[in-house]
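Q: my questions are about this predicted structure, shown below with the sequence.
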Amino acid sequence: AAKPGYNEVSLTWSPVDGAEKYRVYSYNNSTGEYTRLTETTATSYKHKGLKDGTTYTYLVRSFEDNVGSAYTKSNHVSATTAPAAPVVKTKSTTNSITLSWNPVKGADKYKIYELNTDTNQFVTLGYTTETSTTISKLKAGTSYKYLVRAYNNAGYSNFTGSENLITVKTLCEAPKVIANGGSKSVTINWTPAFGATSYKVYSYNPSTGKYTGLATTKKTSYTVTDLKDGTSYTYLVRAYNGTDSSLYSNKNLVTVKTKCAAPKVTYTATASSITLNWKAVTGATSYRIYSYNTKTGQYTGLANTSR
């Protein structure tokens with residue numbers, strides 16, 4: 001009988017009457033050649049140092065007076081070693097994590113676990129014959145730990161958390177952003193995102209559809225300076241969880257205008273009137289005219305005009 005394990009196969013056989021010793025051979029199905037592994041008086045042998053998920057074929061011959069039993073394929077026995085652990089890749093959204101891996105040689109199916117960090121116990125999530133699985137209904141900006149084990153008749157791949165335990169975070173929710181325009185500047189404020197370690201601030205060009213990184217900060221505000229007066233600017237803030245950032249999304253863009261520059265006013269006066277003149281100001285949709293009382297320091301609104 002052949003019992004497979006991790007990188008090994010254990011062979012056992014019944015004693016043969018009159019046998020003085022036994023020779024154990026491996027058999028190459030491709031070349032039809034036998035390779036002697038050992039000679040023993042015992043009725044068992046363990047073949048070690050084998051490849052994961054690989055089928056090995058053996059023959060045991062009994063010997064009496066140096067005459068051995070026949071080489072015969074009917075006495076062959078085969079076993080497939082336990083598969084290697086899958087090499088797992090991850091992809092996250094705000095509420096799901098997808099685990100994927102290449103097919104593992106010799107594996108019939110895969111078992112997916114989550115590590116409960118409170119109890120340090122693995123919880124079985126399910127089985128699959130596919131090479132990917134998606135865990136949904138997760139919390140944004142949160143760290144999770146998973147293990148995928150390959151299985152065949154020899155058993156599961158090793159339960160080696162240190163090597164095969166995958167730690168992955170869901171993406172943070174995109175921060176909710178408010179932007180206020182100032183004179184040649186814009187101040188951007190946003191709500192903290194759960195799980196965020198920092199934030200990345202971008203400007204967005206609607207004409208080209210391109211984002212330009214402006215800053216990375218741990219704060220929840222950022223001021224952009226050296227802007228043009230009366231001009232619209234569009235921004236995006238992405239929350240970074242230490243591994244990846246929240247999504248680029250048009251719904252999370254915020255557009256704001258800087259304050260208009262003050263008009264440069266000239267005037268002409270007559271005995272009974274004063275006419276004010278100014279050039280159009282970039283970004284202005286209308287103008288409000290005030291009189292100013294130098295004694296009281298008060299302004300009085302006189303008119304609104306779009307001219």
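A: Noted; the coordinates are in hand.

Q: now do the same contact list for the nearest residue to residue 94 once chain neighbours are set aside.
A: The shortest distance from residue 94 to any non-neighbouring residue, by Cβ to Cβ, 6 or more residues apart in numbering, is to residue 140 (4.3 Å). Heads up, the C-betas are built off the backbone N, CA and C, glycines and all. Applying Cβ atoms under 8 Å, 6 or more residues apart in numbering to residue 140 gives the contacts 94-95, 170-173, 193-195.

Q: now residue 20: phi and psi?
A: Residue 20 has phi and psi values of phi -100, psi -20 when expressed as degrees, to the nearest 10.

Q: just confirm it contacts residue 64, I think it does.
A: Yes - counting by Cβ atoms under 8 Å, residue 64 is a contact partner of residue 20 at 5.5 Å.

Q: any chance you could map the strands in the stretch 51-200 of the chain?
A: Shown for the stretch 51-200 of the chain, the strands assigned by DSSP state E, counting those that start in this stretch span residues 55-64, 67-68, 77-80, 88-92, 97-101, 109-116, 121-128, 132-135, 143-152, 155-156, 166-169, 177-181, 186-190, 198-205.

Q: distance between the third one and the chain's centre?
A: I take that to be strand 77-80. 39 Å (Cα atoms, centre = their mean, to the nearest Å).

Q: can you check the fifth one too?
A: Between the centre of strand 97-101 and the centre of its chain there are 9 Å (Cα atoms, centre = their mean).

Q: and the last one, by the same measure?
A: Averaging C-alpha coordinates over strand 198-205 and over its chain gives two centres that are 20 Å apart (Cα atoms, centre = their mean).

Q: what does the helix or strand following that strand rub up against?
A: Reading on from strand 198-205 to the C-terminus, the next helix or strand found by DSSP states H and E is strand 210-217. Here strand 210-217 makes contact (Cβ under 8 Å, 6+ apart) with 198-205, 222, 224, 236, 240, 248.

Q: and which of those is nearest to residue 11?
A: Distance to residue 11, by Cβ to Cβ, is smallest for residue 240 among the contacts of strand 210-217, at 55.2 Å.

Q: number of nearby residues for that closest one?
A: 19 (other Cβ atoms under 10 Å).

Q: quick check: closest non-adjacent residue to it.
A: Closest residue to residue 240 apart from its sequence neighbours, by Cβ to Cβ, 6+ apart: residue 198 at 4.8 Å.

Q: wait, that neighbour sits on residue 219?
A: No - taking contacts as Cβ under 8 Å, residue 198 lies outside contact range of residue 219: 9.1 Å.

Q: look at the two and report which has more neighbours.
A: For residue 198 versus residue 219, neighbours defined as other Cβ under 10 Å are more numerous around residue 198 (15 against 11).

Q: could you pull up phi and psi at residue 10?
A: Residue 10 adopts backbone torsions of phi -100, psi 120, taken as degrees, to the nearest 10.

Q: and residue 298, how many neighbours?
A: Neighbour tally, residue 298, other Cβ under 10 Å: 10.

Q: next up, the contacts around residue 219.
A: Residue 219 sits in contact with residue 199, where contact means Cβ under 8 Å, 6+ apart.
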